[in-house]
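K.L.:
Could you work out the structure for the sequence below:
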Amino acid sequence: MKIAVLGGGNGSFAAAGDLALQGHHVSFWRRDRELVAQHKAAGSTIAVKDVNGCHDVTLDLVTTDIAEAVGGAELILCPAPAFAQADIARRLAPHLKDGQVVFLPPATFGSMIFALAARDAGNKAKVSFAETGTLPWLTRKHGPFEVAITVRAKRLPIGVFPEVGAEHALDVIGRAFPGVIEPCGDALSGALMNAGCIIHPPLIVMNAGPIEHFERWDIHKEGTQGAIRRVTDALDAERIAVREALGYGPPHFPIAHHYASEGEIWMYGRGSHDRLTDSGDWREHLVLTEHRYMREDLRLGLSFLISAAELTGTATPLACAFLAIGGAICGESFTATGRTLAGLGLGALDRTALQKLLRDGFPA
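P.N.:
Numbers count the residues shown, from 1 in each chain. Okay, the predicted model is just below:
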């Protein structure tokens, strides 16, 4: 299958390298011309390191031309951070064709940002937009063109916009990720599976002192203590309450299962947290006010969760508290700069109207 991967971070390199390793034809787009030139000069290869060793794979195309990258691709995969989505969506929108599937893992309702960009560009192609609850890999880059994959996802709950096109979208995504795809309904359901906005805000806020004190800090090892875990579970209970209030049924993929040694298998399977901390890849220098856990997962993820909760009047006191504290740490109002349904232009829709849009898509 021809797959286009958009972005230049850890997730995008893991996607391009791993999907090429599985035998797919991968084109790789990123915005930085100099880095693309360097990559092409190095042979357009990616070294993928995993439990089975190191594998050198060659990509079909590395380019700054997004039209060239996505031309003829069945699947367009964009694992870029949520704060990069609007720009990428605008660049991509004019080039989408009938039958293509845009997959955002994860997305914070970014599927709607991409769909709205296509609509605003006047592109009437029948395209599916999908998102899931986590990146399909626990991964870190080890060099300019080298990526380490610690864990591959075992279960990926996926929501699709418009939901009427879910069968086709899930079939295409399933060919790239065989055996791990699970339908979870519409795109809002998929957005409310987002694990990052639950795991990461307590880690980045409750470890603020050590992060600013130590030169390097493993936020998932030293920073994941009992008190923080209890707060994470309580925050996750708010997410699940929002899902239930909106009528979404189980499985809700509670974060507690990520750490558990028994019970329901979580997205990354058993023992993934220990493998993550054992890798040492997350012992790193962290800039508290700039880190993705703060700027993406807390600022955008929790503001969106709160916005979705308001559709049904569901209380989210911990989400609101973390949003306020994170904003105070960064010296800005995350309520104002976050992601909300109103900010996406959907604020006038009540729950019924929104869920109809999510099911049927934009009017012709």
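
K.L.:
going forward, measure contacts between C-alpha atoms and count neighbours the same way
P.N.:
Noted.

K.L.:
And the strands in the protein?
P.N.:
2-6, 25-29, 45-50, 53-58, 61-63, 75-77, 101-104, 128-132, 137-143, 146-152, 156-161, 181-186, 217-218, 283-284 (DSSP state E).

K.L.:
Out of the ones you listed, which gets nearest to Gly326?
P.N.:
strand 217-218 (18.9 Å; C-alpha to C-alpha).

K.L.:
and the closest one, what other elements does it pack with?
P.N.:
strand 283-284 (3 or more C-alpha pairs under 8 Å, 6 or more residues apart in numbering; DSSP states H and E).

K.L.:
what sits up against the strand it packs on?
P.N.:
Glu215, Arg216, Trp217, Asp218, Ile219 (C-alpha atoms under 8 Å, 6 or more residues apart in numbering).

K.L.:
out of the residues you listed, who's nearest Arg299?
P.N.:
Ile219 (18.2 Å).

K.L.:
Go ahead and confirm the closest one touches Trp282.
P.N.:
Yes: Ile219 lies in contact with Trp282 (C-alpha atoms under 8 Å); the separation is 7.2 Å.

K.L.:
In CSV, list the contacts of strand 283-284 along with pLDDT.
P.N.:
Formatted as CSV, the contacts of strand 283-284 follow (pLDDT from 0 to 100):
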residue, pLDDT
Glu215, 92
Arg216, 89
Trp217, 85
Asp218, 88
Ile219, 84
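
K.L.:
Among these, which one sits closest to Pro105?
P.N.:
Nearest to Pro105 among the contacts of strand 283-284 is Ile219, at 21.9 Å by C-alpha to C-alpha.

K.L.:
can you tell me which residues contact the closest one?
P.N.:
Leu203, Ile204, Asn207, Trp282, Arg283.

K.L.:
quick one: the closest residue to Ser261 other than its chain neighbours and Gln22, what's the gap?
P.N.:
In this structure, Ser261 finds its nearest non-sequential neighbour in Arg270, 6.5 Å apart by C-alpha to C-alpha, 6 or more residues apart in numbering. Separation of Arg270 from Gln22 (C-alpha to C-alpha, to the nearest Å) stands at 23 Å.

K.L.:
just to revisit the earlier point, which stretch among the strands of the chain approaches Gly361 most closely?
P.N.:
Among the strands of the chain, the nearest to Gly361 by C-alpha to C-alpha is strand 156-161 (6.8 Å).

K.L.:
The closest one: partners in the sheet, and parallel or antiparallel?
P.N.:
strand 128-132 (antiparallel), strand 181-186 (parallel) (DSSP bridges).

K.L.:
possible to save those strands as TSV with distance to Ser44 and mean neighbour count?
P.N.:
Formatted as TSV, those follow (distance: least, C-alpha to C-alpha, whole Å; neighbours: other C-alpha atoms under 10 Å):
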stretch	distance to Ser44	mean neighbour count
strand 128-132	28	30
strand 181-186	29	20
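
K.L.:
how about Ile265, phi and psi?
P.N.:
Taking degrees, to the nearest 10, you get phi -70, psi 130 for the backbone angles of Ile265.

K.L.:
pretty sure it contacts Tyr259?
P.N.:
No: using C-alpha under 8 Å as the test, Ile265 is too far from Tyr259 to be in contact (10.0 Å).

K.L.:
how near is the closest residue to Phe114 other than its chain neighbours to Thr132?
P.N.:
In this structure, Phe114 finds its nearest non-sequential neighbour in Ala89, 4.9 Å apart by C-alpha to C-alpha, 6+ apart. Distance of Ala89 to Thr132, computed by C-alpha to C-alpha: 17 Å.

K.L.:
again, but for Glu222
P.N.:
For Glu222, the distance to Thr132 - C-alpha to C-alpha - is 28 Å.

K.L.:
Let me see the contact set for the nearest residue to Leu188 once chain neighbours are set aside.
P.N.:
The shortest distance from Leu188 to any non-neighbouring residue, by C-alpha to C-alpha, 6+ apart, is to Phe109 (6.4 Å). Contacts for Phe109 (C-alpha under 8 Å, 6+ apart) come out as Glu131, Ala187, Leu188, Gly190, Ala191.

K.L.:
And for Lys124?
P.N.:
Neighbouring residues of Lys124 by C-alpha under 8 Å, 6+ apart: Ala118.

K.L.:
repeat for the one 3 residues further on
P.N.:
By C-alpha under 8 Å, 6+ apart, the contact list for Val127 reads Leu96, Lys97, Asp98, Gly99, Gln100, Val101, Val102.

K.L.:
what's the closest of the residues you listed to Gly179?
P.N.:
Val101 (18.2 Å).

K.L.:
Against His24, how distant is that closest one?
P.N.:
Counting by C-alpha to C-alpha, the gap from Val101 to His24 is 16 Å.

K.L.:
neighbour count winner among the two?
P.N.:
Of the pair Val101 and His24, Val101 is the one with more neighbours under other C-alpha atoms under 10 Å, namely 28 against 18.

K.L.:
Pull the contacting residues for that one.
P.N.:
By C-alpha under 8 Å, 6+ apart, Val101 lies in contact with Glu74, Leu75, Ile76, Val127, Ser128, Phe129, Ala130, Ala169, Val172, Ile173.

K.L.:
With respect to Gly226, which of the residues you listed is nearest?
P.N.:
Top of the list for closeness to Gly226, among the contacts of Val101 and by C-alpha to C-alpha, is Ala130 at 34.3 Å.
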